[in-house]
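1. Make a model of this:
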Amino acid sequence: MNITEQSIHNNSSKIKRSDQEFVLSNVRLETGFVYDNNEQIIATKTAFFDLLISNGKIEAITEYNQTKEAQNKIEQAYFTDLVIIDADRLLMLPTLQDMHIHIDKTYYGTGWQAAPWNGSIKDMIDFEKTLIPKLLPNSQQRAEKCIELMQSYGSTFARCHANVDPVSGLKSLEHLLLALDNYKDSFDWQIAAFPQHGILYSQSESLLREAAQMDIDFIGGA
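-> Down below sits the predicted model:
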């Protein structure tokens, strides 16, 4: 991942300057691992770098110079006329991924409510039969608010489980697809069609077959 000063000079000379270009300086990046005598990882190695960001993408990386005079020379040579933001040695990590979330039937976006528990799985299925019709009319908007919440905390991917059941039919899935499509330029996803009420118990097999023809990635459930 480390790129030499000459490399950043070559790369940056090819990049068209724009308002969307800046330098994130003094950033801590992971560079490797520390192993014990049994070849088990016991620590992470880090070092400090400058990152040239252009239109939301890292275009080049160069080692951060601990000497202020040396750092000033690099900035003048390669980062002329660019805004330089000091990251103050904070650790930069990849964006987060939420690998199991149900944003098709969330309360989020309305007043907070505690998740109920009515005693058994069948009791919860009966509860959902009355809840989902109330959530469906605005389920797309609430899903979009959930996406924005995830993005605000650094998540750019989610594996979404969407209810497929006789109560909602394919509406929960359809609304979820509409919500995700509105964020396709900044958010990635996978969708699992989810027979929450049981495939055989709720006789959802035919609905799942229909869902399989839609833009989903998995079928999963109980």
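2. just for the chain, where's the confidence low?
-> 1-19, 66-80, 221-222 (pLDDT under 70).
3. element containing the residue nearest the centre of the chain, please.
-> A centroid search over the chain (C-alpha atoms, centre = their mean) returns residue 156, at 1.9 Å, as the residue closest to the centre. For residue 156, the enclosing helix or strand under DSSP states H and E is strand 155-163.
4. Quick check: next helix or strand after that strand?
-> That would be, after strand 155-163 and using DSSP H and E, helix 171-181.
5. packing partners for that next one?
-> For helix 171-181, the helices and strands in contact under the criterion 3 or more C-beta pairs under 8 Å, 6 or more residues apart in numbering; DSSP states H and E are helix 139-152, strand 155-163, strand 188-194. Glycine gets a C-beta too; all of them are placed from N, C-alpha and C.
6. Show me what the longest one is packed up against.
-> What that stands for is helix 139-152. Applying 3+ C-beta pairs under 8 Å, 6+ apart, one finds that helix 139-152 contacts strand 96-101, helix 171-181.
7. buried stuff in the last one?
-> Residues of helix 171-181 classed as buried by neighbour count (16 or more other C-beta atoms under 10 Å): 171-177, 179-180.
8. Tell me where this structure has helices.
-> Shown for the chain, the helices assigned by DSSP state H span residues 5-14, 68-78, 121-135, 139-152, 171-181, 205-211.
9. Now distance to residue 124 too, for the helices and strands packed on helix 139-152, in CSV please.
-> Written out in CSV, the entries for those read as follows (distance: least, C-beta to C-beta, whole Å):
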stretch, distance to residue 124
strand 96-101, 17
helix 171-181, 16
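10. Tell me which of those sits nearest to residue 22.
-> strand 96-101 (22.7 Å; C-beta to C-beta).
11. next one: the closest one to chain centre, how far?
-> Taking the mean C-alpha point of strand 96-101 and that of its whole chain, the gap between them comes to 7 Å (C-alpha atoms, centre = their mean, to the nearest Å).
12. That strand: which residues count as buried?
-> Residues 98, 101 are the ones in strand 96-101 that count as buried (16+ other C-beta under 10 Å).
13. Run through the neighbouring helices and strands of that strand.
-> On the basis of 3+ C-beta pairs under 8 Å, 6+ apart, strand 96-101 makes packing contacts with helix 139-152, strand 155-163.
14. and the residue nearest to the centre of the chain, how far is that from residue 185?
-> In this structure, residue 156 and residue 185 are separated by 11 Å, where distance is defined by C-beta to C-beta, to the nearest Å.
15. Please apply the same query to residue 99.
-> Distance check for residue 99 against residue 185: by C-beta to C-beta, it reads 22 Å.
16. rewinding a little: the strand holding residue 156 vs helix 121-135, what angle?
-> 110 degrees (axes from the mean of the first three to the mean of the last three C-alpha atoms, to 10 degrees).
17. which residues make contact with strand 155-163 from outside it?
-> With contact meaning C-beta atoms under 8 Å, 6 or more residues apart in numbering, strand 155-163 is reached by 95-105, 128, 132, 147, 150, 172-173, 176, 180, 186-194, 196-197, 216-217, 220.
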